[in-house]
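Q: turn this into a model:
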Amino acid sequence: MDKEKLDEEFEKLWNETPASHSNAEKKASWEQFHSKTFAPKKKKFKPWRYYAAAAVLLFVLIGTGIYFNGESPSENIVLAGNVIENTTSTIKHIVLPDNSKVELSPNSKISFGDNFALNRKVEIDGEAHFKVTKDKQHPFQVFCDETTTTVLGTCFTVKESENEEIIVELFEGSVQMNVKGQDQKWILKPGEKFTYANQTASVTEFSRFIDFDNEKLAVISSYIEENYGYKAILPKGYQNQKITIRINKKEDLKTIVQLISEMYNLNYEINEELKQITFQ
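A: Predicted coordinates for the structure are as follows:
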């Protein structure tokens, strides 16, 4: 109410004599004036109150979970919502929500939660090769039977054989291995293989490279087709060209193609639909 109207209301009440109205009327008049003059203010929305309440609730839930669940984080697997299975006879290429890449072998499957960006846990049944996007704030973990692979690097393979033997081969970077119920940890270096079978763990070396010593270029073409599923077409006269090269067994296809292109001064075109690489 502005000052002019406020003055009018006060003047009206001042000029009224005590005898002109009953007590009930005076009370009604005052309540009318009070309601106009001191109109209730709208309550301000204070979202922090709700945030605080939510935080308290979240704390209670987390606290309850910790209280009733004595398992370590690596043993507390909560994976649901997303299951990808490879029922074909060829490798299935998968890109996870964090842009990590998975080559899922035939008759294998992986599962992960809906909140994968914050909880990068994957469970595997079978065999898969992982090339992981680095994120120090959110470790990437792969669970296979009783083993947990925590990614400290980028490129590795996890395999569970039919006799329940778990094999982890590291091609690049570093991974940490844990076994459920054991305090010991194993840190793998590139070229090392972790094997877990019959409740026994071991670390050995393996060859992560394949060598082509003075081989025909046509042999490399066949290797690409067998291991990557792309047919490589070479120009006439190049099939018998000799090449000596060492390739990481899990090298990106494009890296191999670019290397051949530079070595022989060739251009190339990749047709994703036909799964075909044409050098010219």
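Q: quick one: name whatever helix or strand follows the helix or strand of the chain with the lowest mean pLDDT.
A: Counting by mean pLDDT, DSSP states H and E, the weakest-scoring helix or strand in the chain turns out to be helix 47-68, with a mean of 32. Downstream of helix 47-68, the next assigned helix or strand under DSSP states H and E is strand 82-86.
Q: just how off-centre is that following strand within its chain?
A: Distance, stretch centre to chain centre, for strand 82-86: 15 Å (CA atoms, centre = their mean, to the nearest Å).
Q: which neighbours in the sheet does it have, and how are they oriented?
A: Note on strand 82-86: by DSSP bridges, its sheet partners are strand 108-112 (antiparallel).
Q: quick one, domains of the protein?
A: 82-205, 210-279 (automatic domain parsing).
Q: as a markdown table, those with mean neighbour count and mean pLDDT would be great.
A: In this view, the C-beta of every residue, glycine as well, is placed from N, C-alpha and C. Listed next are the domains of the chain as a markdown table, based on neighbours: other CB atoms under 10 Å; pLDDT from 0 to 100:
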| stretch | mean neighbour count | mean pLDDT |
| --- | --- | --- |
| domain 82-205 | 17 | 92 |
| domain 210-279 | 14 | 93 |
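Q: now for the closest residue to residue 271 other than its chain neighbours: which residues touch it?
A: Of all residues not flanking residue 271 in the chain, residue 278 sits nearest, at 7.2 Å (CB to CB, 6 or more residues apart in numbering). Contacts for residue 278 (CB atoms under 8 Å, 6 or more residues apart in numbering) come out as 233, 268-269, 271.
Q: partner strands of the particular helix or strand that has residue 278 in it and their direction?
A: In the assignment (DSSP H and E), residue 278 maps to strand 276-279. Strand 276-279 has its sheet partners listed here by DSSP bridges as strand 231-233 (parallel), strand 268-271 (antiparallel).
Q: convert the C-alpha atoms of the last one to PDB, please.
A: Pointing back at strand 268-271 there. The C-alpha trace of strand 268-271 is given here as PDB (Å, rounded to 0.1, in the frame of the first residue of the first chain):
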ATOM      1  CA  TYR A 268      43.800 -45.300 -49.200                       C
ATOM      2  CA  GLU A 269      40.100 -45.200 -48.800                       C
ATOM      3  CA  ILE A 270      38.200 -47.100 -46.100                       C
ATOM      4  CA  ASN A 271      34.600 -48.200 -46.900                       C
END
